[in-house]
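Student: Just the structure for this:
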Amino acid sequence: MARLGGLLLTAPPLAVATGAVMGLGLLRGAPAGLALLAGLALAILPALGLTKLMSIGRRLSAWCAWAWCWVLLAGLPLYFPGEREAATSAGLERLASFMGSGASRQIGELGAGVVTLLGEDPAPLRAADNRLEAKPVARVEQPAGREVPPGFPRGEEEVDAEGVQLSYHGDENSLRIEVEIDGPEIGEAFTMIFDTGATFTTLDRASLDAIGIFLQPDAPRVTLQTANGKIEADLVLVDAVWLGGSPVEWVTVAVCDSCVHPPAVGLLGLNVSQRFQVSLDHERKSIGLKRRTSGDDRSLDIRNWLKVRSEARESWDGTVETELTAFNDSRREIRTAVLDLECGDAAFAIQLENVPPHGQATARANLPRGTDCREQRLELSRAYWNLDRFPR
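Tutor: Sure thing, here's the model as predicted:
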């Protein structure tokens with residue numbers, strides 16, 4: 001009877017502590033068996049050591065079990081803020097799964113209620129989860145004082161000595177040029193308007209269908225300011241846009257049927273033309289293009305395909321670790337993405353590498369002690385596709 005009484009006294013705290021530690025592992029995708037072993041080790045072994053240290057007896061003391069489990073559960077939020085209740089519920093529910101789904105769920109909820117008696121579980125620092133917003137969008141008419149979009153070259157930059165010359169038709173307000181656009185397997189030549197006021201290149205749906213580019217149901221969308229007002233447009237990714245003999249790989253194109261002005265089927269926007277130093281010769285009706293060689297920042301194209309989650313955790317000693325997880329919704333690998341993370345008055349640049357198509361990548365960074373990341377702001381400062389179609 002004494003042994004049974006001791007077991008009944010020690011089992012509740014050990015079960016709750018084991019379930020909490022096991023739940024932390026389960027929430028992180030650890031195998032159930034391994035998570036259970038970790039829970040048992042952290043709950044029982046220190047309690048046994050405390051029993052021996054206090055010279056109470058050979059068997060596990062109920063007093064030591066309660067004391068250690070109380071300390072363990074009270075200390076979890078220092079390392080796993082905001083997870084104690086959910087972890088306890090998940091772990092106990094798994095431990096009691098042999099009793100059936102209804103009973104195991106009730107036990108998990110009971111355990112989560114018990115740990116609330118230890119006090120408030122501080123929530124983790126706010127996690128930001130949003131699609132990076134594009135800056136002012138495509139414009140058919142360039143307004144006065146228009147802001148230069150992110151990624152647009154500023155100041156002196158190196159350019160290739162050689163360039164291409166494109167003939168245009170029309171007047172100074174409507175420069176129509178011939179552009180070849182590649183899809184996954186086929187390319188076609190189209191007449192387009194060279195528009196210095198349009199952020200994105202646009203094409204109508206029929207032209208995209210002709211090169212094998214089809215609209216996806218979950219395609220990102222942007223707002224376009226056209227001559228007829230604002231419209232919502234879906235985005236697609238084309239393999240390349242050719243200006244003469246000079247290609248620009250992996251270009252984001254807005255689907256815009258109302259941007260068609262026959263014979264032009266769309267607009268050639270800044271996300272293509274900013275790759276070049278542009279000069280106009282109206283006497284010869286010619287556009288000169290010299291490719292810029294100082295980097296190939298494609299943040300204007302990539303930002304609409306990139307979704308980023310930012311989570312920061314503060315340890316007991318005041319140090320802050322932040323984790324950025326980037327989701328690439330495009331069909332092309334993002335080689336590098338540099339994100340500016342603002343936490344209060346402090347700003348940090350964090351670099352992600354090799355975000356696979358329709359996949360994700362994670363980067364972690366340690367921030368200075370005392371950094372307040374309860375309010376976060378993310379901005380994509382630079383981004384680069386993995387370019388391999390054409391030799392550089």
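Student: Give me the nearest residue to residue 179, chain neighbours excluded.
Tutor: residue 192 (4.9 Å; Cβ to Cβ, 6 or more residues apart in numbering). The way it works is simple: take the backbone N, C-alpha and C, and place the C-beta from them, glycine included.
Student: Ignore what I typed, I meant residue 346.
Tutor: residue 371 (5.6 Å).
Student: Contact partners for the one you found?
Tutor: Residues in contact with residue 371 (Cβ atoms under 8 Å, 6 or more residues apart in numbering) are 312, 320, 343, 344, 346.
Student: what about the closest residue to residue 80 other than its chain neighbours, which SS state?
Tutor: Leaving aside its chain neighbours, residue 80 sits nearest to residue 24 (6.0 Å; criterion: Cβ to Cβ, 6+ apart). The three-state assignment at residue 24 reads helix, by DSSP: H, G, I helix; E, B strand; the rest coil.
Student: Packing partners of the longest strand seen in the chain?
Tutor: When the chain is scanned for its longest strand (criterion: DSSP state E), the result is strand 229-243. In terms of contacts (3 or more Cβ pairs under 8 Å, 6 or more residues apart in numbering; DSSP states H and E), strand 229-243 is packed against strand 176-182, strand 201-203, strand 221-226, strand 246-255.
Student: the inter-axis angle of the third one versus strand 229-243?
Tutor: Counting by axes from the mean of the first three to the mean of the last three Cα atoms, to 10 degrees, strand 221-226 lies at 100 degrees to strand 229-243.
Student: How far off centre is strand 221-226?
Tutor: 22 Å (Cα atoms, centre = their mean, to the nearest Å).
Student: quick one: buried residues of that strand?
Tutor: 222, 224, 225, 226 (16 or more other Cβ atoms under 10 Å).
Student: Also stretch 208-222?
Tutor: Residues 208, 210, 211, 213, 219, 220, 222 are the ones in stretch 208-222 that count as buried (16+ other Cβ under 10 Å).
Student: can you list those in a markdown table and add secondary structure?
Tutor: Shown next, in a markdown table, are these (three-state DSSP):
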| residue | secondary structure |
| --- | --- |
| 208 | helix |
| 210 | helix |
| 211 | coil |
| 213 | coil |
| 219 | coil |
| 220 | coil |
| 222 | strand |
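Student: Quickly name whichever of those is closest to residue 383.
Tutor: Closest approach between the buried residues of stretch 208-222 and residue 383, by Cβ to Cβ: residue 220, at 14.4 Å.
Student: For the closest one, give me its contacts.
Tutor: Applying Cβ under 8 Å, 6+ apart, the residues contacting residue 220 are 131, 234, 235, 304, 305, 329.
Student: Please repeat the previous calculation with a cut-off of 10 Å.
Tutor: 131, 134, 233-236, 252, 303-307, 329-330 (Cβ atoms under 10 Å, 6 or more residues apart in numbering).
Student: quick one: least confident of the residues you listed?
Tutor: Among the contacts of residue 220, residue 134 has the lowest pLDDT, at 36.
Student: Quick one: name whatever helix or strand follows the helix or strand containing residue 33.
Tutor: Taking DSSP states H and E as the definition, one finds residue 33 inside helix 32-53. Where DSSP H and E defines the elements, the next helix or strand beyond helix 32-53 is helix 62-79.
Student: Could you tell me which residues within that following helix count as buried?
Tutor: 62, 64, 65, 66, 67, 68, 69, 72, 73, 76, 77.
Student: helices and strands around that helix, which ones?
Tutor: Helix 62-79 is packed against helix 2-27, helix 32-53, helix 84-95, helix 101-115, with contacts defined by 3 or more Cβ pairs under 10 Å, 6 or more residues apart in numbering; DSSP states H and E.
Student: swap the cut-off to 8 Å and go again
Tutor: helix 2-27, helix 32-53, helix 84-95.
Student: Test of understanding: give the bridge partners of the residue nearest to residue 179.
Tutor: On the basis of DSSP bridges, residue 192 is bridged to residue 177.
Student: Next, the angle from the longest strand of the chain to strand 176-182.
Tutor: Using the same axes, to 10 degrees, strand 229-243 lies at 70 degrees relative to strand 176-182.
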